[in-house]
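[1] Provide a 3D model corresponding to the input given below.
(chains A, B, C and D)
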2 protein chains.
Amino acid sequence: MYDRYFENLMSKVPISESDRQQIEPFLAVKKLRRRQFLLQEGDVWKQVAFVEKGALRMYTVAETGAEHIIQFAIEGWFIGDLFSFLTGEPATYTIEAIEDSDVIVMSKADHDHLLKTCPAYSSFHRELVTGAYIALQRRLNSIFSQSLEERYESFMVKYPNIAQRVPQHMIASYLGLTPETLSRVRRRLASGK
Amino acid sequence: MYDRYFENLMSKVPISESDRQQIEPFLAVKKLRRRQFLLQEGDVWKQVAFVEKGALRMYTVAETGAEHIIQFAIEGWFIGDLFSFLTGEPATYTIEAIEDSDVIVMSKADHDHLLKTCPAYSSFHRELVTGAYIALQRRLNSIFSQSLEERYESFMVKYPNIAQRVPQHMIASYLGLTPETLSRVRRRLASGK
DNA sequence: CGTTTGCTTGAATTCTGTCAAAGCAGGTGG
DNA sequence: CCACCTGCTTTGACAGAATTCAAGCAAACG
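    Model (predicted):
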């Protein structure tokens, strides 16, 4: 049931069978339909979520109504509003299913308990956050130093399995440009560079 | 000597006197003159660095020669290339002193040792990375959803002590725009909004 | 089918970057 | 003490790029 979750965990940190037995009882599955919310802006995020199946997006809504996608998450990814999680303040992000999805969740209480009692879990979580931080730094740098064409192509190369499944306007939002502009970027790339 | 370092540590995590005595021997001070490098692109980053005094910037250099500042660090901040640190690969960032600075460093070996043996240190480091990640997410979101004016003002409010000490063109680089554009943004804000 | 959703295209507008030049300290050496 | 750098900021003119607004079209959906 939780095979993909533990695969991910073990790919980062070696864990014993007893570790697994300590963690597994805390997991639960939450099923989401397309367009359903895992988190709504204003609510407090009190869990750790891992995507078992499907695809989600986390985004903010500006005063203008424009949505800006901060993160995608497909099978094998974690997602959540860390700030709300840590501070207990209302979330500024919304998390919504792009497809029908199965999400494996653990409560914050259980998570905190594992951090203290299970060193393997603790290391795992550290690597997770660190990796996310590094990825975000690179994304920032690509925004600063690459052209739209380069950014789009990098995205397609780096996340081909996301690109195939999510609508273009969401990729545009993730890249920080309008759907129209992305469409033109694609045309430029298609027509002999 | 390492007061500021431990102040920072204790502000996030309660530590015992024995924790302190376990950590302190691993610390060392490195003095930097203005324009001197703490890390050069291509070298491997093998330490954890805390700014005791002064100001540094971490940036990338694009093929065009343009510099893009990923992060500032003044007294009380940590700085480093986490990717190079974790993977042992050459750094893609350069870290340079903006002012004469004192930096407290710990080797990666000692850091790893502490992560395993000192739970307080481990928690501290987790909070550090998590906080940095959250801050970066917000920065990304502000790039996506705020006007240049708003971004500049947010920066000035959030980091007044950086703004006062760093030349404008570096703030422009941090915000992801040219010095000329920043100058015009400032004029617009000055002249009755 | 009719409706929704997503993608593309065009034209006009607004912004931002680029290039070039000038102004303005602060610091240095003669 | 002054003249001269040097580093940094400001300004102007212009070109290029991206957004906005509007419309059209195809595919998917109920």
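
[2] What is the longest helix along chain A packed up against?
    Longest helix of chain A, by residue count under DSSP state H: helix A:119-145. Other helices and strands packing on helix A:119-145, by 3 or more CB pairs under 8 Å, 6 or more residues apart in numbering or on different chains; DSSP states H and E, are helix A:3-12, helix A:17-23, helix A:108-117, helix A:148-158, strand B:55-61, strand B:67-74, helix B:82-87, helix B:119-145. C-beta: built from backbone N, CA, C; applies to glycine.

[3] and it, is it in reach of DNA strand D?
    No: on the criterion CB under 7 Å from any atom of the strand, helix A:119-145 is out of touch with DNA strand D, staying 11.3 Å away.

[4] how about that helix: buried residues?
    A:119-134, A:136-145 (16 or more other CB atoms under 10 Å in any protein chain shown).

[5] That one: how far from the chain's middle?
    Here helix A:119-145 shows a centroid-to-chain-centroid distance of 12 Å under the convention CA atoms, centre = their mean, to the nearest Å.

[6] quick one: that helix to helix B:108-117, angle?
    Counting by axes from the mean of the first three to the mean of the last three CA atoms, to 10 degrees, helix A:119-145 points 140 degrees away from the direction of helix B:108-117.

[7] Now helix A:119-145: average pLDDT?
    Average pLDDT, helix A:119-145: 95.

[8] Output the helices and strands packed on helix A:119-145 as CSV; include the columns distance to A:Arg184.
    Formatted as CSV, those follow (distance: least, CB to CB, whole Å):
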stretch, distance to A:Arg184
helix A:3-12, 37
helix A:17-23, 48
helix A:108-117, 44
helix A:148-158, 9
strand B:55-61, 27
strand B:67-74, 25
helix B:82-87, 33
helix B:119-145, 19
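
[9] A:Asp102 looks like it's in a helix, true?
    No: looking at A:Asp102 with DSSP: H, G, I helix; E, B strand; the rest coil, it is strand, so not inside a helix.

[10] Neighbours of A:Tyr152, how many?
    22 (other CB atoms under 10 Å in any protein chain shown).

[11] looking at it, it is touching A:Leu189, isn't it?
    Yes: contact criterion CB atoms under 8 Å: A:Tyr152 and A:Leu189 qualify, at 7.2 Å.

[12] quick one: is stretch A:127-140 near DNA strand C?
    No: applying CB under 7 Å from any atom of the strand, one finds stretch A:127-140 separated from DNA strand C by no less than 14.7 Å.

[13] Output that stretch as PDB, restricted to C-alpha atoms.
    The C-alpha trace of stretch A:127-140 is given here as PDB (Å, rounded to 0.1, in the frame of the first residue of the first chain):
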ATOM      1  CA  GLU A 127      17.300  15.600   3.000                       C
ATOM      2  CA  LEU A 128      13.900  16.300   1.700                       C
ATOM      3  CA  VAL A 129      13.800  19.900   2.800                       C
ATOM      4  CA  THR A 130      17.400  20.500   1.700                       C
ATOM      5  CA  GLY A 131      16.700  19.100  -1.700                       C
ATOM      6  CA  ALA A 132      13.700  21.300  -2.100                       C
ATOM      7  CA  TYR A 133      15.700  24.300  -1.000                       C
ATOM      8  CA  ILE A 134      18.400  23.600  -3.600                       C
ATOM      9  CA  ALA A 135      15.900  23.100  -6.300                       C
ATOM     10  CA  LEU A 136      14.200  26.400  -5.500                       C
ATOM     11  CA  GLN A 137      17.500  28.200  -5.600                       C
ATOM     12  CA  ARG A 138      18.100  26.900  -9.000                       C
ATOM     13  CA  ARG A 139      14.700  27.900 -10.200                       C
ATOM     14  CA  LEU A 140      15.300  31.400  -8.900                       C
END
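
[14] neighbouring contacts of that stretch?
    By CB atoms under 8 Å, 6 or more residues apart in numbering or on different chains, the residues outside stretch A:127-140 that reach it are A:12-13, A:78, A:82, B:70, B:82-83, B:86, B:126, B:129-130, B:132-133, B:136-137, B:139-140, B:143.

[15] How about stretch A:5-25?
    A:2, A:27, A:50, A:52, A:76, A:104, A:114, A:117-118, A:120-121, A:123-124, A:127-128.

[16] what about 7 Å?
    Outside stretch A:5-25, the residues that touch it by CB atoms under 7 Å, 6 or more residues apart in numbering or on different chains are A:2, A:27, A:50, A:76, A:104, A:114, A:118, A:120-121, A:123-124, A:127.

[17] mind checking pLDDT for A:Tyr5?
    With respect to pLDDT, A:Tyr5 has a value of 97.

[18] and what of the one 10 residues further on?
    Reading off the confidence values, A:Ile15 has pLDDT 93.

[19] list the contacts for the residue of chain A found nearest DNA strand D?
    Taking CB to the nearest atom of the strand, DNA strand D has its nearest neighbour within chain A at A:Thr181, 2.8 Å off. A:Thr181 makes contacts with A:Leu148, as judged by CB under 7 Å, 6+ apart.

[20] let's go with 10 Å and repeat that
    The neighbourhood of A:Thr181, defined by CB atoms under 10 Å, 6 or more residues apart in numbering or on different chains, consists of A:148, A:152, A:172, A:175.

[21] Look at the first one and say how many residues are nearby.
    By other CB under 10 Å, 18 other residues sit near A:Leu148.

[22] Could you verify my assumption that it touches A:Leu177?
    Yes: A:Leu148 is in contact with A:Leu177 according to CB atoms under 10 Å; the separation is 6.3 Å.

[23] For the closest residue to A:Phe144 other than its chain neighbours, the count of nearby residues, please.
    The spatial neighbour of A:Phe144 that comes closest, neighbours along the chain excluded (CB to CB, 6 or more residues apart in numbering or on different chains), is B:His68 at 4.1 Å. By other CB under 10 Å, the residues close to B:His68 number 19.

[24] quick one on the thing from earlier: and the furthest pair within the contacts of A:Thr181?
    A:Leu148 and A:Ala172 (9.9 Å; CB to CB).

[25] Between these two, which contacts overlap?
    In contact with both A:Leu148 and A:Ala172: A:181-182, A:185, using CB under 10 Å, 6+ apart.
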